[in-house]
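> sequence plus the predicted model coming up.
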Amino acid sequence: MVGTDGSCVSNPGPTGWAYVSDDGATACGGLLTGTNNIGELLAVQNALRDFADRPLVIQADSSYTIGCSTTWAAGWARNGWRNSKKEPVANLAIVQEIHALMQARNAAGMPVFFQKVKAHLTDRTVWPLNVAADELAGQASARAARGDVTEVRTALR
């Protein structure tokens, strides 16, 4: 299981993303400028890449990110990556990579399930992975505001 989250100092503005796994692995990073949605998507994208060898449950507090990752992308792909308003899909490159990663995982028998969790909790007894990811994403966006967009990963315990 992996908790994911994104953070933005101002929206748009310096952006952070993070994931925290139940086996102790963490990752976070930032962008000098982005949006909260970009941070949320980057957290899922990195979790999909880094845990490609096993089935995965991803906890996310963003309905937008869950929708992009599960149901909407297939329709957008069929429609030439246009949304229901016939406009280009926002955050297209990230959404396309998530879609490709999800397809590859399904083909390899490595399913992904998303669990919607409540956002911005501080009580670690409720959704501890998401609370920890929220904290790391906030730290990453604060670092990005200072010009540091270094990705930080900790190994599995």
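Thanks, I have the structure now.
> where does the chain have low pLDDT?
120-125, 156-157 (pLDDT under 70).
> now do the helices in it.
36-50, 63-67, 73-78, 92-107, 128-145 (DSSP state H).
> most tightly surrounded among the ones you listed?
helix 36-50 (a mean of 24; mean count of other Cβ atoms under 10 Å). Backbone N, C-alpha and C define where each C-beta goes, glycine included.
> was I right about Arg82 contacting Val89?
Yes: look at Arg82 against Val89 with Cβ atoms under 8 Å: they come within range, at 6.9 Å.
> who has more neighbours out of those two?
Between Arg82 and Val89, counted using other Cβ atoms under 10 Å, Val89 has the larger neighbour count: 20 against 14.
> how about the contacts made by the more buried one?
76, 81-83, 95 (Cβ atoms under 8 Å, 6 or more residues apart in numbering).
> try 6 Å
Residues near Val89 by Cβ atoms under 6 Å, 6 or more residues apart in numbering: 76, 81, 83, 95.
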